[in-house]
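Novice: dropping the sequence and predicted coords here.
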Amino acid sequence: MDRLTILAPAKLNLVLDVLGKRPDGFHELRTIFERISLADRITLSRNKNHKISIRCAHPHVPLGPGNLVYKAAMMLAQDFSIEEGLDINIIKNIPVAAGLGGGSSNAAAVLSGLNRWWRLRLGLQELVGYASRIGSDVAFFLYNTSYGLGTGRGELIKPLDVKTKLWHVLVTPRVKIYTKDVFTRLKLNLTNKKDNVNILLPFLRKGDLTRLAGALSNDLEPAILSLRPDFICLKKKLLDAGATGVCFSGSGPSVLALATSQKHALSLRAQFDRRYTQVFVVSTL
Ligand code: C5P
């Protein structure tokens, strides 16, 4: 095998409940992940200089230890005493620091890609162990599932047997928001906490788009809006344009809109591409 090319898809969070702060500083979450068709393309190939090097044309992607892909490759190379050099080429389509899990998905793709490439024979649970050490969102991408329930820091995944295919328009303002900054600003209100996952799940299973739209929710929204109060207008504009429901994904700033069909999603996009440069029509993968 000369080279290995892997697609690394993005995720959305249809619900994100924050249950409390943990002694380790992380927050206990309950979230529904959806894997979507927007994807980066990663190619692994050998090099002769015995180093791990990352190539990516995107100006905001770090090419060294700051990249989760680098961490993933280094962990495996060290644990399995791999001396062979590796080039990792990333074609970036997923916006960076946007609540879409792009960096996490890249890391998961490299973990499973190198498991094959270096013939490590690691099982899913062993890969999940590596994923959890890299970041809270990495594990979801190792599961071959359209939807997953995430608990713990978000790294404990239960694949959901849901057949519904959704269409969305995704609008990502060109502002990077760091997850850490959002969690730092979060004010926890633990009284009267609704279980938004179990409210949304039956509607998702049935494909009841109207009720699903009403059940989208994200507890990080007040913290995202405290960083960028103007983003509330984006949600409003999407609703005014005819989106069935809208919600921030992860720690933002991407806003996902639920559409009733591909045609509906394309017509929503047409109203936004002039005002925003990163507008995507995506579907469940
Ligand atoms: O795990 P990850 O590296 O994506 O997390 C980035 C930051 O987001 C953490 O350092 C932490 O401050 C915050 N975080 C959190 N609770 C989570 C996930 C992330 O507080 N469940």
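Specialist: Sure, I can see it.
Novice: quick check: residues of this structure near the ligand?
Specialist: Phe26, His27, Leu29, Gly135, Ser136, Asp137, Arg153, Gly154, Thr179, Lys180, Phe183 (CB under 6 Å from any ligand atom). The way it works is simple: take the backbone N, C-alpha and C, and place the C-beta from them, glycine included.
Novice: out of those, which end up buried?
Specialist: Among those, those classed as buried by 16 or more other CB atoms under 10 Å are His27, Leu29, Gly135, Ser136, Asp137, Arg153, Gly154, Thr179, Phe183.
Novice: nearest to Pro59, of the residues you listed?
Specialist: Within these, proximity to Pro59 (CB to CB) peaks at Thr179, which comes in at 20.2 Å.
Novice: was I right about that closest one contacting Pro253?
Specialist: No - counting by CB atoms under 8 Å, Thr179 sits too far from Pro253 to count as a contact (11.7 Å).
Novice: next, format the residues of the chain next to the ligand as CSV and append pLDDT and secondary structure.
Specialist: Putting the residues of the chain next to the ligand into CSV (pLDDT from 0 to 100; DSSP: H, G, I helix; E, B strand; the rest coil) gives the following:
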residue, pLDDT, secondary structure
Phe26, 97, coil
His27, 96, strand
Leu29, 96, strand
Gly135, 97, coil
Ser136, 97, coil
Asp137, 97, coil
Arg153, 98, coil
Gly154, 98, coil
Thr179, 95, helix
Lys180, 95, helix
Phe183, 96, helix
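Novice: can you give me the strands in the stretch 101-250 of the chain?
Specialist: 147-152, 156-160, 167-171, 217-218, 245-248 (DSSP state E, counting those that start in this stretch).
Novice: need the winner for burial among the ones you listed.
Specialist: Greatest average neighbour count among those goes to strand 167-171 (a mean of 26), per mean count of other CB atoms under 10 Å.
Novice: pull up the pairing partners for it, direction included.
Specialist: With DSSP bridges as the test, strand 167-171 is paired with strand 255-259 (antiparallel), strand 279-283 (antiparallel).
Novice: out of these, which gets nearest to Ala73?
Specialist: strand 279-283 (27.7 Å).
Novice: what mean pLDDT would you report for that closest one?
Specialist: The average pLDDT within strand 279-283 is 97.
Novice: run the chain-centre distance for it.
Specialist: 14 Å (CA atoms, centre = their mean, to the nearest Å).
Novice: for that strand, buried residues please.
Specialist: Buried residues in strand 279-283 (16+ other CB under 10 Å): Val279, Phe280, Val281, Val282, Ser283.
Novice: quick one: contacts of it?
Specialist: Strand 279-283 is touched from outside by 10, 36-38, 165-172, 262, 265-266, 269, 272-273, with contacts defined as CB atoms under 8 Å, 6 or more residues apart in numbering.
Novice: list only those of those flagged as buried.
Specialist: By 16+ other CB under 10 Å, the contacts of strand 279-283 give 10, 36, 38, 166-172, 265, 269, 272 as buried.
Novice: which one of those residues sits closest to Trp118?
Specialist: Using CB to CB, Ala10 is the member of these that sits closest to Trp118, with 26.0 Å.
Novice: quick one: residues contacting that closest one.
Specialist: Arg35, Ile36, Leu38, Ala39, Ile94, Leu100, Gly101, Gly102, Ser105, Val282 are the contacts of Ala10 under CB under 8 Å, 6+ apart.
Novice: among those, which are in helices?
Specialist: The members of the contacts of Ala10 that map onto helices under DSSP state H are Gly102, Ser105.
Novice: any chance of the buried residues of strand 279-283 in CSV, plus distance to Phe141?
Specialist: What follows is those, written out as CSV (distance: CB to CB, whole Å):
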residue, distance to Phe141
Val279, 24
Phe280, 18
Val281, 21
Val282, 16
Ser283, 17
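Novice: how about these, which pair is most distant?
Specialist: Taking CB to CB, no two of the buried residues of strand 279-283 sit farther apart than Val279 and Ser283, at 14.8 Å.
Novice: so Leu201 makes contact with Ile32?
Specialist: Yes - if you go by CB under 8 Å, Leu201 and Ile32 touch, sitting 7.1 Å apart.
Novice: mutual contacts of those two, please.
Specialist: Leu160.
Novice: ok, these two, which is more surrounded?
Specialist: Ile32 (24 against 20; other CB atoms under 10 Å).
Novice: host element of that one?
Specialist: strand 27-47 (DSSP states H and E).
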